[in-house]
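> no FASTA, just this:
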């Protein structure tokens with residue numbers, strides 16, 4: 001294979017692909033960006049003046065972060081797959097007034113308040129039988145996120161319809177969603193993307209729910225963070241015609257965000273990897289305009305005056321349903337990241353008919369995000385998320401140890417499993 005990779009044909013084919021991409025970018029992205037550039041510079045972007053390092057904040061506060069990891073093929077026994085999930089919750093205090101700048105809340109105290117050890121570990125298993133898989137996935141979701149079904153479902157419809165008094169399925173039946181109420185009967189009925197439920201898709205769905213439950217536990221605990229940082233986005237995938245989530249995690253996310261609003265917690269979902277086109281061109285233009293390395297740029301939806309930007313026209317879920325998105329960067333060394341906020345929260349606390357006033361309101365949040373992103377280990381990225389990632393990540397040695405323990409337990413219970421190593425290893429492949 002190495003000879004083929006080093007061949008002229010490999011380079012020739014790859015060069016042709018890159019030329020095609022370059023042509024596409026010049027024809028599509030760059031031309032579309034020209035249509036947006038004046039609006040981005042005038043109305044949507046702003047530089048950030050950081051909090052002075054040597055001055056205390058007006059009020060110290062707590063910042064929490066949650067990240068998760070897992071293995072979709074932790075153990076495979078014939079057609080049975082066992083998934084492993086981890087999540088880590090961390091809480092920091094800004095500590096500018098007590099001389100303990102950005103210190104972490106004791107993990108033991110945190111574990112006691114959350115009712116679970118940190119990092120948290122759990123499992124899921126299913127067979128290759130479709131009906132069994134759907135049942136098992138629904139059971140695991142109920143185990144991971146133990147909230148009454150009706151309480152879980154209604155927040156999405158309250159937010160989508162803007163009806164705060166929608167408190168029962170009977171109320172829902174009186175809306176445009178009336179024809180679908182009987183189909184929303186239990187968690188299994190929410191798995192409406194069943195044909196696409198590959199093992200990887202199941203793992204992604206359950207990992208989201210596992211992390212959302214960690215967030216729910218934190219919000220309901222004695223800790224009252226001002227910010228809760230999640231790794232990822234606030235994307236919800238919906239039916240084209242029915243306009244409600246295709247998977248349980250979409251409903252669960254809206255339940256979580258409604259709970260956060262009630263508790264006064266600002267949820268920020270931060271994506272290092274995102275699908276915003278021309279992000280680096282936007283960054284270059286904003287930095288040139290402001291002369292600084294710390295900035296943010298609002299990515300409007302079709303609902304905003306002026307509509308969405310041309311650069312992401314016809315791109316799905318930019319911004320996500322019931323969310324708003326911003327690009328931001330706090331260092332010249334970093335590529336732009338994306339942060340999503342709950343739109344219901346944002347409309348109350350940030351949205352304004354005057355673009356300058358709206359930017360000033362958003363600036364308060366981004367100054368706080370910048371303040372928590374000054375650790376040299378992850379400069380420009382919020383420290384709590386960096387720590388949560390370090391705590392939850394499953395490294396190769398971790399998985400090797402976990403599988404050794406699994407082998408011992410399998411022998412102990414007398415399970416007829418055969419070898420647990422991948423089949424290709426029987427043939428040294």
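Thanks, I have the structure now. Since this is a predicted model, take the numbers as computed values, not measurements. Numbering: from 1, shown residues only.
> select the longest helix from this structure.
helix 199-219 (DSSP state H).
> average pLDDT across it?
The pLDDT scores in helix 199-219 average 97.
> confirm that residue 308 sits in a helix.
No - checked against DSSP: H, G, I helix; E, B strand; the rest coil, residue 308 lies outside a helix; its state is coil.
> nearest spatial neighbour of the most centrally placed residue in the chain, skipping sequence neighbours?
Central residue of the chain (Cα atoms, centre = their mean): residue 232, 2.4 Å from the mean position. Take residue 232 and drop its neighbours on the chain: the residue closest to it by Cβ to Cβ, 6 or more residues apart in numbering is residue 269, 5.6 Å away. C-beta here means a position set from N, CA and C on the backbone, and glycine is covered the same way.
> what's that neighbour sitting at in phi/psi?
Taking degrees, to the nearest 10, you get phi -100, psi 120 for the backbone angles of residue 269.
> hang on, the earlier thing: who are the neighbours in contact with the residue nearest to the centre of the chain?
By Cβ atoms under 8 Å, 6 or more residues apart in numbering, the residues touching residue 232 are 208, 269-271.
> mind putting these in JSON lines, distance to residue 6 and neighbour count included?
Converted to JSON lines, the contacts of residue 232 look like this (distance: Cβ to Cβ, whole Å; neighbours: other Cβ atoms under 10 Å):
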{"residue": "208", "distance to residue 6": "41", "neighbour count": "23"}
{"residue": "269", "distance to residue 6": "42", "neighbour count": "22"}
{"residue": "270", "distance to residue 6": "39", "neighbour count": "21"}
{"residue": "271", "distance to residue 6": "36", "neighbour count": "18"}
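> between these, which sits nearest residue 51?
Using Cβ to Cβ, residue 270 is the member of the contacts of residue 232 that sits closest to residue 51, with 18.9 Å.
> how many neighbouring residues does residue 334 have?
17 (other Cβ atoms under 10 Å).
> any idea how far it is from residue 283?
Plainly put, residue 334 is 9 Å away from residue 283 if you go by Cβ to Cβ, to the nearest Å.
> do residue 97 as well
For residue 97, the distance to residue 283 - Cβ to Cβ - is 34 Å.
> between the two, which one's more packed in?
residue 283 (21 against 12).
> can you verify that one is assigned to a helix?
Yes - using three-state DSSP, the assignment for residue 283 is a helix.
> apart from its chain neighbours, what residue comes closest to it?
residue 336 (4.9 Å).
> ok, that neighbour - contacts?
Per Cβ under 8 Å, 6+ apart, neighbours of residue 336: 276, 279-280, 282-283, 327-329.
> any idea of the pLDDT on it?
Value for residue 336, per-residue pLDDT: 94.
> can you read off the pLDDT for residue 423?
66.
> can you give me the domain boundaries for the chain?
35-52+271-383, 62-270+384-392 (automatic domain parsing).
> strands of the protein, start to end?
45-47, 62-77, 80-93, 103-104, 120-126, 227-231, 266-271, 295-299, 323-329, 337-342 (DSSP state E).
> ok, what's across the strand from residue 268?
Bridge pairing for residue 268 (DSSP bridges) gives the partners residue 229, residue 341.
> wait, isn't it in contact with residue 227?
Yes - counting by Cβ atoms under 8 Å, residue 268 does reach residue 227; the two are 6.0 Å apart.
> so the residue nearest to residue 232 versus residue 143, what's the distance?
For residue 269, the distance to residue 143 - Cβ to Cβ - is 24 Å.
> all helices of the stretch 251-400 of the chain, in order?
Secondary structure of the stretch 251-400 of the chain (DSSP state H, counting those that start in this stretch): helices located at 279-290, 343-349, 355-371, 383-392, 396-413.
> buried set for the shortest one?
Along helix 343-349, the positions that meet the burial threshold by neighbour count (16 or more other Cβ atoms under 10 Å) are 343-346, 349.
> again with the first one
Within helix 279-290, the residues scored as buried using 16+ other Cβ under 10 Å are 279, 281-283, 285-287.
> would you confirm that residue 307 contacts residue 300?
Yes - counting by Cβ under 8 Å, residue 300 is a contact partner of residue 307 at 7.0 Å.
> more neighbours, those two?
A direct count of neighbours by other Cβ under 10 Å for residue 307 and residue 300 places residue 300 higher, at 19 against 11.
> any idea how far that one lies from residue 347?
From residue 300 over to residue 347 (counting by Cβ to Cβ), the distance is 13 Å.
> run the chain-centre distance for the worst-scoring helix or strand of the chain on mean pLDDT.
The helix or strand of the chain with the poorest confidence is helix 279-290; it has a mean of 88 (mean pLDDT, DSSP states H and E). For helix 279-290, the distance from its own C-alpha centre to the chain's C-alpha centre is 25 Å (Cα atoms, centre = their mean, to the nearest Å).
> repeat for stretch 335-346
Chain-centre distance of stretch 335-346: 10 Å, with Cα atoms, centre = their mean.
> repeat for stretch 44-60
25 Å.
> can you check stretch 351-359 too?
26 Å.
> now swap in stretch 106-116 and tell me
23 Å.
> who touches that stretch?
By Cβ under 8 Å, 6+ apart, the list of residues contacting stretch 106-116 reads 89-91, 117-118, 214, 217-218, 221-223.
> among the residues you listed, which one has the most neighbours?
residue 89 (30 neighbours).
> quick check: pLDDT value at that one.
98.
> now do the contacts for it.
64-66, 110, 114, 118, 120, 214, 217-218, 388.
> can you check residue 350 too?
324, 341, 358, 361-362, 365.
> now do 10 Å
298, 324, 326, 341, 343, 357-365 (Cβ atoms under 10 Å, 6 or more residues apart in numbering).
> ok, it to residue 120 distance?
If you go by Cβ to Cβ, the gap between residue 350 and residue 120 works out to 32 Å.
> then residue 83?
For residue 83, the distance to residue 120 - Cβ to Cβ - is 14 Å.
> also residue 81?
On the measure of Cβ to Cβ, residue 81 and residue 120 end up 21 Å apart.
> name the nearest residue to residue 332, ignoring sequence neighbours.
residue 293 (4.4 Å).
> low-confidence ranges in the stretch 101-250 of the chain?
194-195 (pLDDT under 70).
> related to what we said a few turns ago, greatest separation within the contacts of stretch 106-116: which pair is it?
117 and 222 (17.3 Å).
> all good on my end, thank you.
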